[in-house]
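Student: Sequence first, predicted model second:
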Amino acid sequence: MARIKPFKAVRPVNDKVHLVASRSYVSYSKEKLREKLDSNPFTFIHIINPDYDEDLMADGGTKGMFSKVKRKYAEFQDRKVFVKDNEDSIYIYTQTTPTHSYTGIIASVSVQEYLDKSIKIHEATIRNREKLFTEYLDSVDFNAEPVLLSYSKNVETAELIKKAKTALPIYDFTTSDSIRHSLWVLSSEEDIINFQKSFEKVEALYIADGHHRSASSVNLSKNRNNPNPVANSNWFMAMLAQEDEMEIFGFHRMIRGFNKAETDKIVNDINTKFDLSHISGDPFSPKDGEVHMYYFGTGWTKFKLKSLESNSPKDSIDAEKLSSQILDPIIGITDLKNDKRVKFIPAKNDLKELTNSIDNGNDILFLLAPVTFKELRAVADADEYMPPKSTYIEPKLRSGLTIFDISDE
């Protein structure tokens, strides 16, 4: 059973929402970030970069910086850029790209269900990042980006969402990246109870994106130790979406740092152990269990990964097979997270442009098929972790569209 709880979101006023809601600041280059901050006084990025227009700067990741974030957030509230809803609500959010539409429910979910493993993880977190973000949440007292959770098909919830979307959305705007954002606010007791009952039929929720944010919210709850089970610190904000309302894209591996002789040897070693064949059609869409490899000396080739004799769901993931069959034994890469020879490439990137850059060097590109939700669930159900950078999942949510007040006043 999955529990959801309504909350009073802090939201941008309607005439500024298109200016406030922002992509994650790490998705911008330094130049684009500077341009965004210079041209838009309302972007949420100003809150998480509060020193941008100040001479005296606090060190990032310190309590001094966190205090400045909180003050900047309060300043936005004082300027009436943000207002807090008067009633507890749940929110229906749809993100429409030129090729796809994603819809989910924004509500708060229970820390206790995370601890009970009803909210399941598939990714190991880094303790230092957890600790830092826990301190950040404790200082600023808000969370501005929902964790993305998936669930299996639920007809009842889907019907409730379809009905809710027949009304006019409270927000409906398009951002400069050609993505349309629509938000519906549901505050009636009947609507909230109906959605809560529908989620009682959901056996488990799976974290699709936001493992560190979830873990940090759990740590915050433990630290505050509020005995009131409905206190905000015992919950965290999430967007819950049915699996067919999301997309998992591949995450590829590019291997760098070799001279031509070394790279030629690697390719030859792969060729002796696998049945390589040249690709005549689309090289950018490998099938499950298949790797497409690009190297300037050979062009596009493909080969099948070998099945592993294992009861571990993790070992059925193509990224894990690539590591155990090629990256480790042939190339000598044993630590994917820290080996600087490895660059992870989201399948959404321009791969044609990437192959042009390889033609001027000695890099090797390995393309992998995307992981399926069935594989993701199997790994999480077994309490295992996916290989690093196995999934690139959309939608990517905006910061500042709905803000969750963590204070327990």
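Tutor: Happy to help now that I have it.

Student: Tell me where the stretch 251-400 of the chain has strands.
Tutor: 251-255, 277-278, 290-295, 299-304, 342-346, 364-368, 392-394 (DSSP state E, counting those that start in this stretch).

Student: Which elements pack onto the helix ranked longest in the chain?
Tutor: As assigned by DSSP state H, the longest helix anywhere in the chain is helix 63-78. When contacts are defined as 3 or more C-beta pairs under 8 Å, 6 or more residues apart in numbering; DSSP states H and E, helix 63-78 packs onto helix 45-48, strand 82-84, helix 127-140. Every residue, glycine included, has its C-beta placed from N, CA and C.

Student: how about these in a markdown table, adding mean pLDDT?
Tutor: What follows is the helices and strands packed on helix 63-78, written out as a markdown table (pLDDT from 0 to 100):
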| stretch | mean pLDDT |
| --- | --- |
| helix 45-48 | 92 |
| strand 82-84 | 97 |
| helix 127-140 | 94 |
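
Student: domain parsing for the chain?
Tutor: Domain segmentation of the chain under automatic domain parsing yields 4-247+395-405, 251-390.

Student: And for the spatially closest residue to residue 147 that is not a sequence neighbour, the neighbour number?
Tutor: Residue nearest to residue 147 in three dimensions, not counting chain neighbours: residue 210, with 3.4 Å by C-beta to C-beta, 6 or more residues apart in numbering. Using other C-beta atoms under 10 Å, the number of residues around residue 210 comes to 22.

Student: Show me which positions of stretch 120-129 end up buried.
Tutor: If you call a residue buried by 16 or more other C-beta atoms under 10 Å, then stretch 120-129 has these buried ones: 120-123, 125.

Student: Identify the residues contacting that stretch?
Tutor: Applying C-beta atoms under 8 Å, 6 or more residues apart in numbering, the contact partners of stretch 120-129 are 204-207, 211-212, 214-215, 376-377, 379-381, 384-386.

Student: cool, stretch 180-199 as well?
Tutor: Against stretch 180-199 from outside (C-beta under 8 Å, 6+ apart): 1-4, 6, 21, 85, 87-97, 105, 107, 154, 156-157, 160, 164-165, 167, 169-175, 240, 398, 401-402.

Student: ok, of the residues you listed, which come out buried?
Tutor: 2-4, 6, 21, 85, 89-96, 105, 107, 154, 157, 160, 164, 169-171, 240, 398, 401-402.

Student: Relative to residue 366, how far out is the nearest residue to residue 267 once chain neighbours are set aside?
Tutor: Spatial nearest neighbour of residue 267, excluding adjacent residues (C-beta to C-beta, 6+ apart): residue 295 at 5.5 Å. To residue 366, residue 295 is 10 Å away according to C-beta to C-beta, to the nearest Å.

Student: now residue 31
Tutor: 30 Å.

Student: the more surrounded of these two?
Tutor: Applying other C-beta under 10 Å to residue 31 and residue 366 shows that residue 366 carries more neighbours, namely 21 against 8.

Student: Can you give me every residue that contacts that one?
Tutor: 252-255, 291-293, 322, 326.

Student: just for the stretch 1-150 of the chain, where's the confidence low?
Tutor: Applying pLDDT under 70 to the stretch 1-150 of the chain picks out residues 53-61.

Student: one more time with 90, if that's ok
Tutor: By pLDDT under 90, the low-scoring segments of the stretch 1-150 of the chain are 1, 23-37, 48-65, 126.

Student: Which stretches in it count as helices?
Tutor: Counting by DSSP state H, counting those that start in this stretch, one finds helices in the stretch 1-150 of the chain at the ranges 17-20, 30-39, 45-48, 63-78, 111-115, 127-140.

Student: So what touches the fourth one?
Tutor: This means helix 63-78. 10, 46-48, 50-51, 58-59, 82-83, 135-136, 139-142.

Student: Restricting to C-alpha, output that helix in PDB.
Tutor: Extracted C-alpha coordinates of helix 63-78, given in PDB (Å, rounded to 0.1, in the frame of the first residue of the first chain):
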ATOM      1  CA  LYS A  63      25.900  27.000   6.600                       C
ATOM      2  CA  GLY A  64      26.700  30.600   5.600                       C
ATOM      3  CA  MET A  65      25.600  29.800   2.100                       C
ATOM      4  CA  PHE A  66      22.500  27.900   3.200                       C
ATOM      5  CA  SER A  67      21.500  30.900   5.300                       C
ATOM      6  CA  LYS A  68      21.800  33.100   2.200                       C
ATOM      7  CA  VAL A  69      19.600  30.700   0.200                       C
ATOM      8  CA  LYS A  70      16.900  30.900   2.900                       C
ATOM      9  CA  ARG A  71      17.100  34.700   3.000                       C
ATOM     10  CA  LYS A  72      16.800  34.900  -0.800                       C
ATOM     11  CA  TYR A  73      13.800  32.600  -0.700                       C
ATOM     12  CA  ALA A  74      12.200  34.800   2.000                       C
ATOM     13  CA  GLU A  75      12.900  37.800  -0.300                       C
ATOM     14  CA  PHE A  76      11.000  36.200  -3.100                       C
ATOM     15  CA  GLN A  77       8.100  35.600  -0.800                       C
ATOM     16  CA  ASP A  78       8.200  39.200   0.500                       C
END
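
Student: List the buried residues of that helix.
Tutor: For helix 63-78, burial by neighbour count (16+ other C-beta under 10 Å) applies to 65-66, 68-70, 72-73, 76.

Student: now that helix, how far from the centre of its chain.
Tutor: From the chain centre to the centre of helix 63-78 is a distance of 25 Å (C-alpha atoms, centre = their mean, to the nearest Å).

Student: got it, and stretch 333-341?
Tutor: With C-alpha atoms, centre = their mean, you get 22 Å for stretch 333-341.

Student: got the buried residues for it?
Tutor: Buried residues in stretch 333-341, counted by 16+ other C-beta under 10 Å: 333, 336, 341.
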